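Trainee: Return a 3D structure for these sequence lines:
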Amino acid sequence: MKERNLLLVRHGQSEWNEKNLFTGWEDPGLTKKGEDEAQNAGLLIKELGINFDHLFTSALIRAQLTGSIILNEIGQNEIPAIKNQALNERFYGDLQGLNKDECREKWGEEKVQMWRRSYEMGPPGGETLKETGERVIPYFKEEINPLILKGKNILIAAHGNSLRSLIKFLDTVSDEDIVKLEIPTGAPIHYIFDKDGNVIKKQNLID
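Mentor: Numbers count the residues shown, from 1 in each chain. Got it, this is the predicted structure:
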């Protein structure tokens, strides 16, 4: 039976990650550390020996650069790269560009943590994780899953919250438990599907 592989990678450290700023739909590039994380992700993925058919990424440069660096590391630069806003990071509204520590001082640790991790409570003017999933999951179902069902191998380079939304769907994680999920930058997650599109194996390539 031909395995169908899906690799998820959160982009490497961005310039705003380094400055501890809420980023959302703002568009900073990668730091040197972020580029190194993407290269390391590529090396880990290369060890799997998978020939990919498509790269999916967001409309934001930090995810696109991460995907490009990975393809370069695995020697598969020629595969199609599809960019779509549906895979963008969660929109952080009024918090975008603000320092996370200063936000905690202003609004309190508990409220800021709720804005960041709660499923149905979003930051002022921004998206909830539920709303992020309402664009990520239909896009996955309509554009990516049909390719998996055809036996294609897919790489997705995206963002912490867009990937949390997708993992919630793939792993049937509850609204309560998704709050606890953290996805490190540059740490690939490998899913294997059967011919019917069911997940039969999952592994984190970095523990």
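Trainee: From now on I want contacts and neighbour counts done on CA atoms only, so please keep to that.
Mentor: OK.
Trainee: hey, which helix or strand in this structure has the poorest pLDDT?
Mentor: helix 109-117 (a mean of 90; mean pLDDT, DSSP states H and E).
Trainee: List the buried residues in that one.
Mentor: Of the residues in helix 109-117, 112, 115, 116, 117 count as buried by neighbour count, 16 or more other Cα atoms under 10 Å.
Trainee: got the contact list for whichever helix or strand comes after that helix?
Mentor: Next helix or strand after helix 109-117 toward the C-terminus (DSSP states H and E): helix 129-139. Outside helix 129-139, the residues that touch it by Cα atoms under 8 Å, 6 or more residues apart in numbering are 86-87, 89-91, 117-122, 161-162, 165-166, 169.
Trainee: tell me the angle the least confident helix or strand of the chain makes with helix 129-139.
Mentor: 10 degrees (axes from the mean of the first three to the mean of the last three Cα atoms, to 10 degrees).
Trainee: Need the contact partners of helix 109-117.
Mentor: 103, 104, 121, 122, 123, 128, 129, 179, 180.
Trainee: how about 7 Å then?
Mentor: 103, 104, 121, 122, 123, 179 (Cα atoms under 7 Å, 6 or more residues apart in numbering).
Trainee: Among those, which pair sits farthest apart?
Mentor: For these, the farthest-apart pair by Cα to Cα is 103 and 179; their separation is 19.4 Å.
Trainee: which parts of stretch 193-206 are buried?
Mentor: 193, 194, 197, 199.
Trainee: From residue 100, how far off is the first one?
Mentor: Spelled out, that is residue 193. 38 Å (Cα to Cα, to the nearest Å).
Trainee: of the buried residues of stretch 193-206, the lowest pLDDT goes to which?
Mentor: Minimum pLDDT across the buried residues of stretch 193-206 is recorded for residue 197, with 91.
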